[in-house]
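> I would like the atomic coordinates for the input below:
(3 chains)
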Amino acid sequence: MRTLYHFHGGVHPPTHKSQSVQTPIAQAGLPTRLLVPLHQHVGNSAKPSVQVGERVLKGQIFGMPEGSVSSAVHAPTSGIISAIDMQVVAHPSGLPDLCVTLIPDGRDEWIKREPLDYRSVSPGDLRQLLRFAGVVGLGGAVFPSDLKLRGGKHKITTLVINGAECEPYITCDDMLMRERADEIVRGAEMMRYILAADEVLIGIEDNKPEAIAAMRAAVIANRLASMEIVPVPTIYPGGGAKQLIRVLTGIEVAAGVRSTDMGVQCFNVATAYSAYRAIAHGEPLISRIVTVTGNVQRPQNFEVLIGMPVHELVALAQPGSDTNGHIMGGPMMGVTLPSDRVTVTKATNCIIESSPALFPPPRQPLPCIRCTRCAEVCPAELQPQELYWFARARDFGKAQEYHLFDCIECGACSYVCPSSIPLVQYYRFAKSEIWANEREKEAANLARERHEYRELRIERDKQEKAEKLAQKEIAALAAKAAAPAAQPPAQTAPAQPAVGDPNAGDTAQQMINAAIARAKEQAAAVKAKNTEALTPQQQAEIAEIEARRAKLRAMSHPDAESPQE
Amino acid sequence: MTSYLLILISTVFVNNIVMVKILGLCPFMGVSKKLEAAISMGAATTFVLTLGSGASYLIHEYLLGPELEYLTTLSFIVVIAGIVQFTEMVVKKTSPVLYQVLGIYLPLITTNCAVLGIPLLNVQGHHNFMQSLFFGMGGAIGFSLVLVLFAGIRERLEGADVPGIFKGSAIAMITGGLMSLAFMGFSGLVK
Amino acid sequence: MLIALLVMSALALLLGAVLGFSAIKFRVEGNPLVDKIDAVLPQTQCGQCGYPGCKPYATAIAAGEADINCCPPGGEEGIRKLADLLGVEFKPFGADTAGPKPKSVAFIDESTCIGCTLCIQACPVDAIVGAAKQMHTIVAAECTGCELCVPPCPVDCISMAVIADNISTWKWQYPVFPLRAVPAASQTTANI
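A predicted model of the protein is given here:
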């Protein structure tokens, strides 16, 4: 028996899980229309690689990954692309984003799939394969898995597979483990191979005995000695990556430190499953398990194609007539969808149909009485009451000092608050304000740098012009001196040949020659000045500006330097 | 030794320069919006006050004497102004950030009635040199303490649901009044 | 009387000497305040404050020549930051100062553009690309929305396009709670 550790705080909300595990995972089938957002993962949006009107096959790439932090997006079925445009997506903002609309042709025709034996492929190639298979973290964070499998500077000793699924109502991982345990453990083994980890710990909350049994059987059947199923106590948010790592290994991932730096990496069970499908069957991530529950007649888990409209999905579970909203995710951390016309994405683990009876409107918040019950339950060991105060007063600097960005927005603090203050809303507000400020600062720095450079350039141009003018005068003087002595001294300026002067033709010729020479000289001077003939001071200034530029760039794009695979 | 300790306790708590003697209200209201600024202001005032008490004692005792008693206030103002100017230059050179935080309030220490009040109280109390120094330092520590406490409260007030008409200085005045009441509770602490 | 005068003069001389000496000893070059103010300004370089850029405005504020409420692109938030930095009271925008506008970028109607380069010369951050008698275009990512390129255009082909929120720049709102009518019986508790 493994010694388990505790994380700070946590709550025990009613789980509401039993209603959606009564029936096995059902296929949601083909909707009339699939709307696939190109930005379903953390990082850069995928770049569309198909044309409107093109026929695509199931599993064909829609969008290519762009930049180092990105992932591919695929056609969930075969059909015709009817549009690539901005559509409202499953995001709390209700704002549109670039989506590919696919009309299925009903044939569900696969692209050519290439099953692989992972042992014959190098970890680097496997990572590349996962990147192009669009495998991202399916626990909700949707971070590209290939990047997490890169390890980092430190050797990964422990791979944690997260089957805790602590949030109420959600059962998609539970059902996946019950029905497809074999694929999950094989996927976990592949991940272990890629990371070269020593052991794999699969943490499952002890309120899922069927899943634990199924997973144990799968581990034994696959004879995986380095893998262990660990039942963990049921406590919310025990399924948070940092919390699960703490419970299983005792390692506390400090603020601002990545778990990989401490030799641990964590993946969701569904991610392990889709990694297995991608490697062993050559199937990209085009579907996922979604729990449909709440105010529905038949709460159930469905295997849903990415891009299926929510209203078509929930219709399968027969929603109640008094449904007044759709929550994506759980009741603690989920977000209310802007409408039911949005579509399922890789991040959609659960759709809860809400009704006034299930989710009564929140009570009017009362003043904070500083009872610190939020601090007692905070799994990140923060001081939520202080953070609340600073977020409220818009004192973002102080909020950051109190480690606002270590908040995982689990909602435990709001859950216990006797004054029913929606604390997480304040933290989200503060975080997005800070990010916006950060963006503005970056833009201002860029503008300042460009403006300074422009000023410098104008100044330099002026100097050059002045120098040119001075040279012109020198040349003119020289021409005057070189002019034949025969010229009458009265003729002061050679530029004004007197009409009728016998020497006029001669002087004119000389003047033209001088002008040509001057022009040549000028051309040479201009060319040299801009690039080479800089004073050390100018060079120093340019070097300084360049250095500042490089620094700013490094600050704004920390990923830009890391080599792309 | 006990007498010095008593002077300290008495000036910091019982006869607090701001809360009981009601001196130095300008920086008390002005530099109490931010905790950092309040701490720096407290430090600068402590420096000026301690130095000022010492210097003014020497001037009163050795330069003026009983014949020129009537020049006390005038010469104290001059000396304190000189010390503040000196402090300002030192701070500007050594810590531009602190200089920036204190801003206009650094020269304003000159006109801070607490800074003039303490040397005058020293004269009234017939303190000797060491007593003057301790009296000045104690008064300044009391001032800093109150300033920092008040700044902490005011930072909190920023986020509080204050009724519209009480927002800003009004609620700060009320808070100051309540703090003053609390400090008066120290009277009788030292017999 | 004479003694009093002598004493005060001696005191003044002594202090003057000390201060004069320390003025030389603790001399500080430059004004670090300008850089701090400049860091708060939005760097649009738009000149709406009446100074030819953000740095000159910052210098003017530091010298006490300019007020803090002359920067429309910074918005009220910007004034608040300046007030905080300088330890002065917040001041709303003056009547003669245009209020803040939504963030926007310039847009060149490329079919109308005659390639005169006037806008290129006006742009303070080199965000317009083009050459004489060639079509010009805006580098949107680098445009600060200062509108300085709009007046010089002889064919009025530059317009300002407001930047719409998108998913990555969208912000969570400050939580607000509409007041709800409560039944009379529970009014006493709800009014706390």
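> which residues of the stretch 351-500 of chain A lie near chain B?
Within the stretch 351-500 of chain A, the residues that sit near chain B (CB under 8 Å from any CB of the partner chain) are A:367, A:389-390, A:392-393, A:395, A:398. The C-beta positions use only the backbone N, C-alpha and C, and glycine is treated the same way.
> tell me the one of the residues you listed nearest chain B?
Using CB to the nearest CB, A:Ala393 is the member of those that lies nearest chain B, at 3.3 Å.
> ok, and the closest non-adjacent residue to the closest one?
B:Gly159 (3.3 Å; CB to CB, 6 or more residues apart in numbering or on different chains).
> what distance do you get for the one you found to chain C?
12 Å (CB to the nearest CB, to the nearest Å).
> so that residue touches A:Leu387, yeah?
No - assessed by CB atoms under 8 Å, B:Gly159 is found out of contact with A:Leu387, at 11.0 Å.
> ok, now which ones touch the closest residue to A:Pro237 other than its chain neighbours?
Spatial nearest neighbour of A:Pro237, excluding adjacent residues (CB to CB, 6+ apart): A:Cys410 at 4.1 Å. Shown in contact with A:Cys410 (CB atoms under 8 Å, 6 or more residues apart in numbering or on different chains): A:236-237, A:240, A:332-333, A:379.
> same thing with A:Pro338?
A:Pro338 neighbours (CB under 8 Å, 6+ apart): A:88, A:91-94.
> please list only the buried members of those.
Neighbour-count burial (16 or more other CB atoms under 10 Å in any protein chain shown) is assigned, among those, to A:88, A:91, A:93.
> export those to a markdown table and append columns for distance to A:Gly53 and secondary structure.
Shown next, in a markdown table, are those (distance: CB to CB, whole Å; DSSP: H, G, I helix; E, B strand; the rest coil):
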| residue | distance to A:Gly53 | secondary structure |
| --- | --- | --- |
| A:Val88 | 23 | strand |
| A:His91 | 28 | coil |
| A:Ser93 | 30 | coil |
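> between the residues you listed, which sits nearest A:Leu130?
A:His91 (24.7 Å; CB to CB).
> which element is the residue found closest to that closest one once you drop the neighbours it is linked to in the chain on?
Leaving out its chain neighbours, the residue that sits closest to A:His91 by CB to CB, 6+ apart is C:Ile167, at 5.6 Å. Assessed by DSSP states H and E, C:Ile167 sits outside every helix and strand.
> look at C:Ile167 and report its pLDDT.
pLDDT recorded at C:Ile167 is 82.
> then A:Ala490?
For A:Ala490, the predicted pLDDT is 49.
> tell me the contacts of the residue nearest the centre of chain C?
Among the residues of chain C, the one closest to the centroid is C:Leu41, at 3.6 Å (CA atoms, centre = their mean). Residues near C:Leu41 by CB under 8 Å, 6+ apart: A:444, C:54, C:57-58, C:71, C:74, C:78.
> let's see 10 Å
A:444, A:448, C:49, C:53-55, C:57-58, C:61, C:71, C:73-74, C:78, C:81-82 (CB atoms under 10 Å, 6 or more residues apart in numbering or on different chains).
> ok, back up a step: where's the residue nearest to A:Pro237, which helix or strand?
Counting by DSSP H and E, A:Cys410 is part of no helix or strand.
> where does the record place the domain boundaries for the chain?
I went with chain A, as the question did not name one. Annotated domains of chain A cover A:18-328, A:370-482+A:539-559 [automatic domain parsing].
> that's the wrong chain, I meant chain C
C:32-86, C:104-162.
> buried deepest among those, which one?
Neighbour counts averaged per stretch over these are highest for domain C:32-86, at a mean of 19; criterion: mean count of other CB atoms under 10 Å in any protein chain shown.
> which parts of stretch C:162-177 are buried?
In stretch C:162-177, counting by 16+ other CB under 10 Å, buried: C:167, C:172, C:175.
> where does the second one land in three-state SS?
Going by DSSP: H, G, I helix; E, B strand; the rest coil, the secondary structure assigned to C:Trp172 is coil.
> what pLDDT is listed against the closest residue to it other than its chain neighbours?
Nearest residue to C:Trp172 in three dimensions, chain neighbours excluded: A:Arg428, at 4.1 Å (CB to CB, 6+ apart). For A:Arg428, the pLDDT comes out at 94.
> good, we can wrap up now.
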